[in-house]
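S.K.: Everything below, folded, please.
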Amino acid sequence: MLAPLRVPMFRRLAIGRVTTYIGNAVAPVALAFAVLDLTGSVVALGIVVGARSIANVLLLLMGGVLADRLPRGVILQGASLAAAVSQAATALAVLLDFASVPLLVVLSVLNGAVAAASLPAASALTPQTVPPGMIRQANAVVRMGINTALITGASLGGMLAALTSPGWAMAATALVFLVASFCYARVRAPEIAASEPTRPLADLRAGWAEFTARTWVWAIVLAFMVVNAAVTGGMQVLGPSIANSTFGRLAWGFILGAQTVGALVGGIVASRWQPRRALLFGTALIAVEAVPLLVLAHAPAVIPMLIAMFVGGIAIEQFGIAWDVSLQENVPQDRLARVYSYDAVGSFVAIPLGEIAVGPLANHFGTSATLTGLAILVLLAILAASVTPSIRGLIRQPNPAPSV
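M.R.: Alright, predicted model coming up:
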């Protein structure tokens, strides 16, 4: 299972991605409580986090084009430096008491733009750093490392916000992103030879052709358009507000960490075994993402939430590894980043709507009713994906014995 870590290039990439995700786990927890401290409004919180998502979605396609044309390690290094700058600016604004909702929106937009540049590059770089026989193990190892980072980061974010202040938590993320940039500077994977001249619009059309050529790809993306909007709106906007009024910020950090503990367990399982129809299996398991929303709605207590998030983490990882392997085995390498960018745009495009709309909906219909409605949307979306013939029929390729 750990054989890919013997490959130096992959090892450097994995360390960089793990470090990045520590920062990515601390940042949203700290930002959420900073906005709540500043305004006390879930509507304002939705606007701030929604602004980041909008910027992310708008620039993801260009991020995919860049990642197919430029050295992906260089893109990741630059994106990490920019993330460090944006987090440092946010921390200063909060610590020096000149933060405002408009300023936090601007900084969130910058952070979303940085993430748009790095996500396709990071996802597409993994198969460049290992032999073909190690792709499944490499994805599992990366995701296990990321989930370990998320466990640490989410819990650390809640602890720092509770014991010090959200501003100091965001200052810590700036340092973490600087470390990630140093790690990415040492990733010099072979460049992918382009199959056609570099023309941005033509590149986007070619990526779109690859994306739409496989029904199982766009069907999954449509389903996760709904799932991600519902889960993100419920957990990142209503979740911190409920935590503030019930079990507290420190417990919320551990609850978020429980999901990534589950994902770590799920990654170990998926790295050693996956069914022949792994994508169908993983997709169907995402239905359990409705459970934390229902628990938040009707029994917001620490123990039920810890259990629900742990089980949800296991399910997410079965899908995540199956999805990455399916794309990397079936999409040409010189177009893979663009397919990842279309995947990300489709999956994330509705997230700002969920983040911005969930506050007014909760004010009008009540928090419990809103969370219950979000859980129903998750179940319906996963049911629709699970009965799609191309998803049911996709069979993973045999995994040859890896060699170094």
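
S.K.: Excluding residues flanking it in the chain, which one is nearest residue 223?
M.R.: residue 385 (3.7 Å; Cβ to Cβ, 6 or more residues apart in numbering). Glycine gets a C-beta too; all of them are placed from N, C-alpha and C.

S.K.: Just give the number of residues close to that neighbour.
M.R.: 25 (other Cβ atoms under 10 Å).

S.K.: What residues sit buried inside the helix or strand hosting it?
M.R.: Element membership for residue 385 (DSSP states H and E) is helix 367-386. Going by neighbour count (16 or more other Cβ atoms under 10 Å), the buried part of helix 367-386 is 367-368, 370-375, 377-382, 385-386.

S.K.: again with stretch 284-298
M.R.: 284-297.

S.K.: distance between stretch 82-90 and the chain's centre?
M.R.: The chain centre lies 19 Å from the centre of stretch 82-90; the measure is Cα atoms, centre = their mean, to the nearest Å.

S.K.: What are the contacting residues of that stretch?
M.R.: 20, 23, 27, 31, 34, 99, 104, 107, 110-111, 113-115, 117-118, 170-171, 173-175, 177-178, 180-181 (Cβ atoms under 8 Å, 6 or more residues apart in numbering).

S.K.: Kindly supply the ChimeraX command isolating those of the residues you listed that are buried.
M.R.: Here is the ChimeraX command that selects the buried residues among these (16+ other Cβ under 10 Å):
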select :20,23,27,31,34,99,104,107,110,111,113,114,115,117,118,170,171,173,174,177,178,180,181
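
S.K.: Going by distance to residue 166, which of the buried residues of stretch 284-298 wins?
M.R.: residue 296 (21.3 Å; Cβ to Cβ).

S.K.: Now name the helix or strand holding the closest one.
M.R.: Per DSSP H and E: helix 290-298 holds residue 296.

S.K.: Could you do residue 254 as well?
M.R.: helix 249-272.

S.K.: again, but for residue 51
M.R.: helix 42-69.

S.K.: Tell me where the model's unsure across this structure.
M.R.: 1, 150-151, 154, 189-200, 396-404 (pLDDT under 70).

S.K.: mind listing what's buried in the lengthiest helix in it?
M.R.: In the chain, with assignment by DSSP state H, the single longest helix is helix 8-39. By neighbour count on 16+ other Cβ under 10 Å, the buried set for helix 8-39 is 9-36, 38-39.

S.K.: The residue nearest to residue 223: what's it in contact with?
M.R.: Neighbouring residues of residue 385 by Cβ under 8 Å, 6+ apart: 219, 220, 222, 223, 283, 391.

S.K.: The first one - nearest residue in space that isn't next to it in sequence?
M.R.: Right, residue 219. Of all residues apart from its sequence neighbours, residue 388 sits closest to residue 219 (Cβ to Cβ, 6+ apart), at 4.6 Å.

S.K.: and the one you found, what is it in contact with?
M.R.: 215, 216, 219.

S.K.: wait, doesn't the last one sit right on residue 389?
M.R.: No. When contacts are counted by Cβ atoms under 8 Å, residue 219 is not listed as touching residue 389 (9.4 Å).

S.K.: Looking at those two, which one has more neighbours?
M.R.: residue 219 (19 against 10).

S.K.: got the contact list for residue 36?
M.R.: With Cβ under 8 Å, 6+ apart, residue 36 has these contacts: 42, 45, 240, 241, 244.

S.K.: Need the max-distance pair from these.
M.R.: 45 and 244 (10.7 Å).

S.K.: Between these two, point out the one with more neighbours.
M.R.: Comparing residue 45 with residue 244 by other Cβ under 10 Å, the one with more neighbours is residue 45, at 29 against 17.

S.K.: what about residue 358, which helix or strand?
M.R.: Counting by DSSP H and E, residue 358 is found in helix 351-365.

S.K.: Tell me what angle that helix forms with helix 42-69.
M.R.: 170 degrees (axes from the mean of the first three to the mean of the last three Cα atoms, to 10 degrees).

S.K.: Next, report how far helix 351-365 is displaced from the centre of its chain.
M.R.: Its chain's average C-alpha position is 20 Å from that of helix 351-365, according to Cα atoms, centre = their mean.

S.K.: Same question for that helix: list its buried residues.
M.R.: So for helix 351-365, counting by 16+ other Cβ under 10 Å, buried means 351, 352, 353, 354, 355, 356, 357, 358, 359, 361, 362.

S.K.: Report the contact partners of the fifth one.
M.R.: Looking back up the chat, that one is residue 355. 46, 49, 50, 53, 229, 232, 233, 236, 237.

S.K.: which one of those is nearest residue 134?
M.R.: When those are compared against residue 134 (criterion: Cβ to Cβ), the nearest one is residue 232, at 32.1 Å.
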